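Trainee: Need coordinates for the below:
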Amino acid sequence: MVREDENPPTAQPGPNPHSVQISPSLSQSRPPDDPPNGRSNTNSNSPLSRNDAQSGEEFISSVASKIAAQPLQYSDPNVWGVLTAISEKARKRHQGMNMLLTSDEHRIGRLVDDARFQIIAPAVSAHHCKIYRKRVITEDTEHPSDTILCS
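Mentor: From the prediction side, this is the model:
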């Protein structure tokens with residue numbers, strides 16, 4: 001569970017705990033953009049290239065942790081989360097490296113209304129997923145928190 005503050009701060013030096021890094025499912029045996037033969041199409045000089053001995057899970061976890069350790073600097077106080085592309089192919093999409101989450105609900109897929117969240121790819125369904133922010137009441141009423149749920 002990821003917790004978010006009610007009022008996310010503006011850009012700060014160092015890692016930003018108010019950003020959300022969501023990676024592809026770790027249940028895959030290799031990153032989704034790799035061909036079936038297991039050889040990566042990424043350039044060997046790229047920071048995202050992987051050693052063939054490294055499993056898909058290890059690769060995704062490694063890249064995601066490197067990205068999460070970098071500070072995100074967005075001055076928009078409405079940004080409560082960021083989806084960061086991990087694969088080279090995903091980074092080349094029109095959304096770029098980061099998709100900023102500002103509404104309480106975002107839908108991602110091939111046929112969604114918001115072009116910022118459209119992903120035109122055979123592996124992505126028409127309405128692939130919904131990411132939303134939901135208020136959760138905890139016993140600690142002095143420090144309310146948000147939880148990000150993906151469905």
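Trainee: helix or strand right after the lowest-mean-pLDDT helix or strand in the chain?
Mentor: The weakest-scoring helix or strand in the chain, judged by mean pLDDT, DSSP states H and E, is strand 3-4 (a mean of 42). Remark: after strand 3-4, the chain's next helix or strand is helix 56-68, criterion DSSP states H and E.
Trainee: which helices and strands sit right next to the next helix-or-strand element following that next one?
Mentor: For helix 56-68, the following helix or strand on the C-terminal side (DSSP H and E) is strand 81-84. Applying 3 or more C-beta pairs under 8 Å, 6 or more residues apart in numbering; DSSP states H and E, we find strand 81-84 packed against strand 98-101, strand 129-136. Backbone N, C-alpha and C define where each C-beta goes, glycine included.
Trainee: Comparing these, which comes out most buried?
Mentor: With neighbours taken as mean count of other C-beta atoms under 10 Å, these reach their highest mean count in strand 98-101, at a mean of 19.
Trainee: thought Tyr74 was touching Leu100?
Mentor: Yes. With contacts counted by C-beta atoms under 8 Å, Tyr74 reaches Leu100, the gap being 6.8 Å.
Trainee: who touches both of the two?
Mentor: Val82 (C-beta atoms under 8 Å, 6 or more residues apart in numbering).
Trainee: Okay, buried residues for the strand or helix carrying Lys89 please.
Mentor: Using DSSP H and E, Lys89 falls within helix 88-91. Residues of helix 88-91 classed as buried: 88, 90-91 (neighbour count, 16 or more other C-beta atoms under 10 Å).
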